[in-house]
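>>> this one's structure only:
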């Protein structure tokens, strides 16, 4: 997997080298809102969204964001430099949240994204990052009240790894497959598409040490394209990766979800939170090592900076390559969401899937972009 970051010529953004305030104001053009009533309450005219000549947001908008109080964001997994995590850490470190008058508290998650979704639904936190849109759909289908507002990557991040002697997925029947808590929906869909009897595979939960695969404790292992394959390569192990997209399975990664009641009460705060993390994502595309350094400062001793730089570079490459020309970073596509929902139906994980409009709200994205160009005060 290449870790080279392609050009973002189709998604132009004026970067700044440091988080200093910029010059003249940029007027925010808001697109039509989607079904959510939250974004309908957000500012909709140029006069309401104008910024001051110093490049900071208006006093009225600042007051609205401050009135939202502390916005708690729970990461998907610790301070790993993944899409959905690193950009929030960078937005805090670079002062982007401060420029939006947002008080953001970043809490490290344990990897239990389903639990994170429940914390957001309960109002204990306001924002979290989930593994993919399928997780948002499963949460909403299960009665967990969250709303997806952006998705960074539109290709499955999950991969299935085996040793080279496995040449057909059907060979896994009767063998042991290790996972991190559950078999990811795109991988299950891939196996089903290949006619594999998933019930004939012994599914066991394993930790985060990928060496269980070459040590033959498991004969197949789920992982993330940006993590375990890189670790195994560093160990000198040759493996085979089975990627869902090669079998026609759609997927995503880095889905951001919010508490809908909070979003309805404080639509400007949610809009500007998304604006700040999108701006930080773009900054970190070109300054990955610096941004990973921000995460290292938050983490405990022993943070593997080299590995996390590789994670970020890999995921940025996947985000860029899966974002069509002319589409904004983090775009939502109802057809892609529905297709991902179909994998949940096809794999038997759900009997019915919520409509995309019931689980996602694109109006916050619409409010921060004009076309594919992010609107930032003073630029």
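Alright, I've got the coordinates. These numbers were taken from a predicted model, which means no experiment stands behind them.
>>> the strands in this structure, which residues?
70-74, 103-107, 127-130, 147-153, 158-162, 176-179, 202-205, 220-224, 240-242, 253-258, 369-370, 373-374 (DSSP state E).
>>> partners of residue 151 in the sheet?
residue 255 (DSSP bridges).
>>> deepest-packed of the strands of the chain, please.
Among the strands of the chain, strand 253-258 has the highest mean neighbour count (mean count of other Cβ atoms under 10 Å), at a mean of 29. All C-beta spots, glycine's among them, are computed from the backbone N, C-alpha and C.
>>> in the stretch 201-350 of the chain, what spans have low per-residue confidence?
Applying pLDDT under 70 to the stretch 201-350 of the chain flags no residue at all.
>>> sorry, back to before: out of the strands of the chain, which comes closest to residue 269?
With Cβ to Cβ as the measure, strand 70-74 is the member of these nearest residue 269 (6.4 Å).
>>> who does the closest one touch, helix- and strand-wise?
Judged by 3 or more Cβ pairs under 8 Å, 6 or more residues apart in numbering; DSSP states H and E, strand 70-74 is in contact with strand 103-107, helix 113-122, strand 127-130.
>>> pull out the buried residues from the longest one.
This means helix 113-122. 113, 116, 117, 118, 119, 120, 121 (16 or more other Cβ atoms under 10 Å).
>>> which ones are touching the nearest residue to residue 345 once chain neighbours are set aside?
Distances taken as Cβ to Cβ, 6 or more residues apart in numbering put residue 353 closest to residue 345, at 6.0 Å, once the chain neighbours are dropped. With contacts defined as Cβ atoms under 8 Å, 6 or more residues apart in numbering, the neighbours of residue 353 are 137, 141, 338, 341, 342, 344, 345.
>>> what do you get for residue 356?
332, 334, 337, 338, 341.
>>> equivalent analysis for residue 167, please.
Residue 167 neighbours (Cβ under 8 Å, 6+ apart): residue 240.
>>> what does residue 139 give?
114, 117, 118, 121, 130, 146, 257.
>>> could I get the buried residues of helix 113-122 as CSV with distance to residue 103 and pLDDT?
Listed next are the buried residues of helix 113-122 as CSV, based on distance: Cβ to Cβ, whole Å; pLDDT from 0 to 100:
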residue, distance to residue 103, pLDDT
113, 24, 87
116, 20, 95
117, 22, 97
118, 23, 97
119, 18, 98
120, 17, 98
121, 21, 98
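>>> picking that back up, roughly how far does the residue nearest to residue 345 sit from residue 68?
Separation of residue 353 from residue 68 (Cβ to Cβ, to the nearest Å): 31 Å.
>>> returning to what we had before: ok, and the most crowded of the contacts of residue 356?
residue 337 (27 neighbours; other Cβ atoms under 10 Å).
>>> and stretch 111-123, how far out from the chain middle?
15 Å (Cα atoms, centre = their mean, to the nearest Å).
>>> show me where the stretch 201-350 of the chain has helices.
228-234, 260-265, 267-286, 288-298, 305-321, 334-346 (DSSP state H, counting those that start in this stretch).
>>> single out the most deeply packed of these.
Greatest burial across the helices of the stretch 201-350 of the chain, using mean count of other Cβ under 10 Å, falls to helix 267-286, with a mean of 26.
>>> for the contacts of residue 356, which one is nearest residue 80?
residue 332 (23.7 Å).
>>> residue 149 versus the closest one, what's the distance?
For residue 332, the distance to residue 149 - Cβ to Cβ - is 8 Å.
>>> if I look at these two, which residues touch both of them?
With Cβ under 8 Å, 6+ apart, residue 332 and residue 149 have common neighbours 360, 362, 365.
>>> coming back round to it: now the contacts of residue 353 in TSV, with distance to residue 181?
Output for those, formatted as TSV (distance: Cβ to Cβ, whole Å):
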residue	distance to residue 181
137	17
141	18
338	25
341	21
342	23
344	16
345	21
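>>> and residue 236, how far from residue 142?
Residue 236 is 42 Å from residue 142, by Cβ to Cβ.
>>> what residue of this structure is the furthest out?
residue 174 (34.2 Å; Cα atoms, centre = their mean).
>>> surely that one touches residue 197?
No. Judged on Cβ atoms under 8 Å, residue 174 makes no contact with residue 197 at a distance of 9.5 Å.
>>> which residues does residue 152 contact?
Counting by Cβ under 8 Å, 6+ apart, residue 152 has contacts 83, 84, 253, 254, 255, 256, 281, 315, 319, 329, 330.
>>> ok, residue 184 next?
Residue 184 touches 131, 132, 156, 158, 222, counting by Cβ under 8 Å, 6+ apart.
>>> for the residues you listed, which two are the farthest from each other?
Once Cβ to Cβ is applied, the contacts of residue 184 give 132 and 222 as the farthest pair, at 13.1 Å.
>>> common neighbours of those two, please.
Joint contacts of residue 132 and residue 222 (Cβ under 8 Å, 6+ apart) are 158, 184.
>>> quick check: closest non-adjacent residue to residue 62.
Closest to residue 62 by Cβ to Cβ, 6+ apart is residue 101, at 3.9 Å.
>>> what does residue 91 give?
residue 280 (3.8 Å).
>>> residue ranges with poor pLDDT in the stretch 1-150 of the chain?
1-55.
>>> do you have the helices of it handy? List them.
37-40, 46-49, 59-67, 86-93, 96-99, 113-122, 133-141.
>>> nearest to residue 187, of those helices?
That would be helix 133-141 among the helices of the stretch 1-150 of the chain, by Cβ to Cβ, at 11.0 Å.
>>> return the distance of that closest one from the chain's centre.
14 Å.
>>> neighbours of the closest residue to residue 339 other than its chain neighbours, just the number please.
In this structure, residue 339 finds its nearest non-sequential neighbour in residue 250, 4.5 Å apart by Cβ to Cβ, 6+ apart. Per other Cβ under 10 Å, the neighbour tally for residue 250 reads 22.
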